[in-house]
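In: My questions concern the predicted model and sequence given below.
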2 protein chains.
Amino acid sequence: MISSPYLLYLGAATDPLAVKTARGVAEWRPETCIGQLRLPGCEVTLGLEDVAIDEAVRRGARTLIIGEANAGGVLSAAAIPVIVAALDAGLDVASGLHQRLGDVPAVREAAERNGRRLFDVRQPPADLVVGKGVPRAGMRLLTVGTDCSMGKMYTSLALEKALRARGVAADFRATGQTGILIAGDGIAVDAVVADFISGATERVSPARHDGGWDIIEGQGSLFHPSYAGVSLGLLHGAQPDALVLCHEPGRPHMRGVPGHPVPGLKETLERNLEAARLTNPDVVAVGVAFNTSAYSDAEAARLCAEASAELNLPCQDPVRMGVDQIVDKLLSCFEASPSLAAAGR
Amino acid sequence: MISSPYLLYLGAATDPLAVKTARGVAEWRPETCIGQLRLPGCEVTLGLEDVAIDEAVRRGARTLIIGEANAGGVLSAAAIPVIVAALDAGLDVASGLHQRLGDVPAVREAAERNGRRLFDVRQPPADLVVGKGVPRAGMRLLTVGTDCSMGKMYTSLALEKALRARGVAADFRATGQTGILIAGDGIAVDAVVADFISGATERVSPARHDGGWDIIEGQGSLFHPSYAGVSLGLLHGAQPDALVLCHEPGRPHMRGVPGHPVPGLKETLERNLEAARLTNPDVVAVGVAFNTSAYSDAEAARLCAEASAELNLPCQDPVRMGVDQIVDKLLSCFEASPSLAAAGR
């Protein structure tokens, strides 16, 4: 578990995409963000106060988040003295980069010298085991998609927020690097040894007994020729009671693989439900989440209405419309569930 | 590529299961086996001549295969001086154990001292990439199963042998440790990082232009709650033209997960065909391979006949009956294929 609050390091980033990870943390966990740390030349901002390391420590910061990602996934040379200074000032450091923090000698030595922790959130735990498919206590919702990068993380976080707003215990369970930095915990399921995909997912969402929901971040798509194995293992390990299907209307082909068309909503939902029944025969779909950022309000409303009619499920764009209809459907499907009843709902 | 011929090390094994890997090599590649090397107390044999290291080298051996597997997957203390002696005598060493050969200092030093190679066949290549799903030249058959350990490797090797006996170019493509030691090449697909399952499989079976067949060893089952992700990624990466379904009648539940029933043949085949169409829309099923070792001849014949009638496909036990009917069906399905025609068939 990564300790908050955080200081978000943006380096000398000039491209908003390079600080995507940090932006996710600032957007979804603003209360955990003391401020941002930028180097000269940085042209992006998260809208947070610029705070130096010592000042961040005085204000209670516990962890420096490396929020700058370059193409190679390695630490920039300029980041290393900043990280060392943060460790010397008493902060832990967390990174979603491919390169491990501890592989940089100066960083490893500074962590050891100060007794601080280094979190490489892409690095899976060393003690994973294979999934067992044994039903476990608690309610689980999984976001699935027609393709990668369809808004599964965003939708999951929006569902967590909306459920909490209604007084329902709900916890986002992270399976990707940005999600892990937002949640402070989780496993990058695409980075585990293939045998452990479902086992890692079982660990991300252990038994819960409070009547609340785990909202598990999905990855990839059963229809993606590169990543479907990850998606299927994740689906089996999640043992979801409920699925929400995420989609971006108008995408020309599956991400990264021209020539592979994006599957239909109905087919995607049926295939996911069919596969999910292996570990939870009672799984149901409760909604569809669209990313309609390329469309006007009127077009977005029409697209959602069409999908809703086709699938007989609420369909909303979480960014423009929220997820209240999906939450309504979820709660109505499970209002008689023993675990929710036990929680006094 | 592991160099043959081999000397097979059985250590002091007392349980035939402990030398399963070596037995596979001796059974399927007898022409590559110079002999076996046993320590005092060894109670099993592969039926090969007992040959000392120096004698094996004189007879042309190139690699010592560590054919003894204990429960922990680590090298026994007694194996280490034997391995060092083999390296000093000029042999390479190959192992399917979890523990890496090079992690034993004496072994690593002996390999370096002698300029010899160490093969840890469970260890994936470091330079894997994600699968792309782009169609590649050549014909491919994949064995799939209702469950793990249904005879997929055996069936694949039997198909290779039967095709070659008919003059059809065919190559077994290994995806598990025993298969890799038999083939001398391959990737343990369950040991790769999850993102690379389909990419590893694409690499195991690259484009081929001789009109022959790659017979790809399947792993796990789409219906196994622990391993289905591996099976799906392997299926997508294999881009099979033909599937052979492997099954063991009478198995009480999915391996290692009591309470999970073994799926039906029809359902398994349909689900595999449906998923395989993502990367090869023209995939067909050409046969069923049963492991009927628990049954009498008459019962085995009846079970195969029933399955054959149900699926309208040939069904044989490769051990008892061979695979000729399956090969007939395969060749009849593809006799008009351009690549086979180009090969003069």
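Out: Nice, thanks for sending it over. Numbering: from 1, shown residues only, chains lettered A, B, ... in the order given.
In: list the contacts for the residue nearest to A:Val193 when sequence neighbours are not counted?
Out: In this structure, A:Val193 finds its nearest non-sequential neighbour in B:Ala191, 6.0 Å apart by C-beta to C-beta, 6 or more residues apart in numbering or on different chains. Every C-beta, even on glycine, is put in place using the N, C-alpha and C of the backbone. For B:Ala191, the residues meeting the contact criterion (C-beta atoms under 8 Å, 6 or more residues apart in numbering or on different chains) are A:193-195, B:122-124.
In: do the same with A:Gly102
Out: The contact partners of A:Gly102, taken as C-beta under 8 Å, 6+ apart, are A:108, A:111, A:118, A:120.
In: if we can go back for a sec, dump the contacts of B:Ala191 to a markdown table, plus distance to B:Glu202, secondary structure and neighbour count.
Out: Putting the contacts of B:Ala191 into a markdown table (distance: C-beta to C-beta, whole Å; DSSP: H, G, I helix; E, B strand; the rest coil; neighbours: other C-beta atoms under 10 Å in any protein chain shown) gives the following:
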| residue | distance to B:Glu202 | secondary structure | neighbour count |
| --- | --- | --- | --- |
| A:Val193 | 19 | strand | 18 |
| A:Ala194 | 14 | helix | 28 |
| A:Asp195 | 19 | helix | 25 |
| B:Arg122 | 20 | coil | 19 |
| B:Gln123 | 19 | coil | 18 |
| B:Pro124 | 13 | coil | 20 |
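In: Would you mind putting those into TSV with pLDDT and distance to A:Leu245 alongside?
Out: Shown next, in TSV, are the contacts of B:Ala191 (pLDDT from 0 to 100; distance: C-beta to C-beta, whole Å):
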residue	pLDDT	distance to A:Leu245
A:Val193	95	28
A:Ala194	96	25
A:Asp195	95	28
B:Arg122	92	37
B:Gln123	93	38
B:Pro124	94	33
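In: what's the closest of those residues to A:Cys315?
Out: A:Ala194 (33.6 Å; C-beta to C-beta).
In: I figured the closest one hits A:Ala200, correct?
Out: No. Assessed by C-beta atoms under 8 Å, A:Ala194 is found out of contact with A:Ala200, at 10.5 Å.
In: And the pLDDT at A:Lys20?
Out: Per-residue pLDDT puts A:Lys20 at 88.
In: pretty sure it belongs to a helix, no?
Out: Yes. Secondary structure of A:Lys20, determined by DSSP: H, G, I helix; E, B strand; the rest coil: located in a helix.
In: And for it, the neighbour number?
Out: Applying other C-beta atoms under 10 Å in any protein chain shown, we find 15 other residues in the vicinity of A:Lys20.
In: Spit out the contact partners of it.
Out: By C-beta under 8 Å, 6+ apart, the contact list for A:Lys20 reads A:69, A:178.
In: gap between it and A:Glu299?
Out: For A:Lys20, the distance to A:Glu299 (C-beta to C-beta, to the nearest Å) stands at 26 Å.
In: Of the contacts of A:Gly102, grab the buried ones for PyMOL.
Out: Isolation of the buried members of the contacts of A:Gly102 (16 or more other C-beta atoms under 10 Å in any protein chain shown) is achieved in PyMOL through the command below:
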select buried, chain A and resi 111+118+120
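In: Can you say which of the contacts of A:Gly102 are also within reach of chain B?
Out: With C-beta under 8 Å from any C-beta of the partner chain as the criterion, no member of those is in contact with chain B.
In: Just say helix, strand or coil for A:Ile180.
Out: Secondary structure, three-state DSSP: A:Ile180 is helix.
In: Do I have it right that it meets A:Val121?
Out: Yes. Because the distance of 4.2 Å satisfies C-beta under 8 Å, A:Ile180 is recorded as touching A:Val121.
In: who has more neighbours, the two?
Out: Taking A:Ile180 and A:Val121 together and counting by other C-beta under 10 Å, A:Val121 has the greater number of neighbours (27 against 24).
In: which ones are touching A:Cys315?
Out: With contacts defined as C-beta under 8 Å, 6+ apart, A:Cys315 is in contact with A:287-290, A:304-305, A:307-308.
In: cutoff 10 Å now
Out: Residues in contact with A:Cys315, defined by C-beta atoms under 10 Å, 6 or more residues apart in numbering or on different chains, are A:245, A:247, A:265, A:287-290, A:292, A:303-309, A:321, A:325-326.
In: Next step: the contacts of A:Gly102 restricted to helices.
Out: Secondary structure from DSSP state H places A:108, A:111 of the contacts of A:Gly102 in helices.
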